[in-house]
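Peer 1: any chance you could fold what I've pasted below:
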Amino acid sequence: MASLHPPNSLTLCFPFFFFFFFLASFLSLSARLAAATGRSSYGFGISAIVSEELYNSLFLHKDDNACPAKGFYPYSSFIAAARCFPAFGRTGDLSTRKREVAAFLAQISHETTGGWATAPDGPYAWGLCFKEEINPQSDYCDSTQKRWPCYPGKSYHGRGPIQLSWNYNYGPAGQALGFDGLRNPDLVANNSVIAFKTALWFWMTERRPKPSCHDVMVGRYWPTAADIQANRTAGFGLVTNIINGGLECGIPDDSRVNDRIGFFTRYAGAQLFDVDVGPNLDCANQKPF
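Peer 2: All right, here's what the predicted structure looks like:
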């Protein structure tokens with residue numbers, strides 16, 4: 001689950017009218033130019049990377065009766081949330097863009113999986129089956145985080161695609177996205193667009209000394225001396241380290257890490273995103289941040 005140290009920076013995401021008017025005009029012009037020249041316009045929208053057909057092929061069982069999140073993660077909500085983060089899936093060449101999106105969807109699949117070893121269609125066809133943590137062990141309130149004080153009676157357990165956890169994540173996520181994450185954390189399990197936005201906010205936001213997952217997957221991660229000493233090398237494994245390294249990394253053959261890799265390998269395959277997975281898939285030899 002997404003349980004990190006408090007962030008030092010925020011990713012703002014507000015619908016400024018003039019920005020979107022300009023963006024819409026730009027995209028319209030770009031589409032017309034692409035049509036006129038016969039060139040691909042894949043860079044101008046996440047839906048060009050992930051079609052609804054592909055999305056449904058990844059998450060074959062998300063709307064099964066067996067899944068508590070049935071009906072909560074429609075394609076339209078993912079696309080609506082992604083529009084709030086223009087750099088997501090739109091940075092680098094086509095392979096880089098596809099690899100980043102596949103990595104993101106693989107990580108949220110593990111966080112919300114309902115699969116098991118002998119599950120129909122395999123264990124990696126059951127992402128987005130859950131929308132909140134079952135039987136949380138605590139209310140995930142870190143009382144030392146004075147900037148993000150816990151609200152009485154509220155629990156900050158894992159919710160949404162990335163299983164956002166702890167008051168020091170709910171507070172800044174809400175501030176960045178325009179809702180009160182400390183007073184109303186349940187919104188992340190009740191509003192599918194907000195749920196996807198929190199996952200993307202988490203993915204796109206740098207928290208020093210941790211880089212953003214986005215920067216790692218698009219080749220913008222530059223290891224510090226401490227990173228080099230800790231063997232924190234770029235790749236999908238480093239993203240796992242960012243998300244939950246304190247519990248999963250530095251452990252040989254960890255089943256949770258292997259599950260994340262299994263989703264990523266399936267999604268990157270020729271029948272889906274058709275892109276190579278890149279180096280350093282696991283974090284067994286990395287020290288957590």
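Peer 1: give the buried residues for stretch 82-94.
Peer 2: Of the residues in stretch 82-94, those with enough neighbours to count as buried (16 or more other C-beta atoms under 10 Å) are 82, 83, 84, 85, 86, 88, 89, 90, 91, 92. Using the backbone N, CA and C atoms, a C-beta is placed for each residue, glycine as well.
Peer 1: how near is the first one to residue 118?
Peer 2: Summarising the geometry, the distance separating residue 82 from residue 118, computed by C-beta to C-beta, to the nearest Å, is 33 Å.
Peer 1: just the CA trace of stretch 90-101, in CSV.
Peer 2: Output in CSV follows, covering the C-alpha atoms of stretch 90-101 (Å, rounded to 0.1, in the frame of the first residue of the first chain):
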residue,chain,number,x,y,z
ARG,A,90,2.8,11.8,-22.4
THR,A,91,6.5,12.0,-21.6
GLY,A,92,9.2,10.6,-23.9
ASP,A,93,8.8,8.4,-27.0
LEU,A,94,6.0,6.0,-27.5
SER,A,95,7.7,3.0,-25.8
THR,A,96,8.5,5.1,-22.7
ARG,A,97,4.9,6.3,-22.5
LYS,A,98,3.5,2.9,-22.8
ARG,A,99,5.9,1.5,-20.3
GLU,A,100,5.1,4.1,-17.7
VAL,A,101,1.3,3.6,-18.1
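Peer 1: residues in contact with it: which ones?
Peer 2: 42-46, 49-50, 88-89, 214, 217-220, 268, 273-278 (C-beta atoms under 8 Å, 6 or more residues apart in numbering).
Peer 1: so for that stretch, what's the average pLDDT?
Peer 2: Per-residue pLDDT values over stretch 90-101 give a mean of 98.
Peer 1: that stretch: how far from the chain's middle?
Peer 2: In this view, stretch 90-101 has its centroid 14 Å away from the chain centroid, taken as C-alpha atoms, centre = their mean, to the nearest Å.
Peer 1: where exactly do the helices run in the stretch 51-200 of the chain?
Peer 2: With DSSP state H, counting those that start in this stretch, the ranges of helices along the stretch 51-200 of the chain come out as 52-58, 75-82, 94-111, 167-177, 187-190, 192-204.
Peer 1: wait, which of the buried residues of stretch 82-94 is closest to residue 261?
Peer 2: When these are ranked by distance to residue 261 (C-beta to C-beta), residue 89 comes first, at 20.6 Å.
Peer 1: isn't the closest one up against residue 46?
Peer 2: Yes: counting by C-beta atoms under 8 Å, residue 89 touches residue 46, with 4.7 Å between them.
Peer 1: between those two, what contacts are shared?
Peer 2: In terms of C-beta under 8 Å, 6+ apart, residue 89 and residue 46 are both contacted by the residues 82, 101.
Peer 1: can I take it that residue 243 is in a helix?
Peer 2: Yes: for residue 243, which was evaluated using DSSP: H, G, I helix; E, B strand; the rest coil, the result is membership in a helix.
Peer 1: looking at strand pairing, list the partners for residue 132.
Peer 2: According to DSSP bridges, the partner residues bridging residue 132 are residue 159.
Peer 1: from residue 198, how far off is it?
Peer 2: Where residue 198 is concerned, residue 132 sits at a distance of 12 Å (C-beta to C-beta).
Peer 1: more neighbours, these two?
Peer 2: When residue 132 and residue 198 are compared on other C-beta atoms under 10 Å, the one with more neighbours turns out to be residue 198, at 30 against 22.
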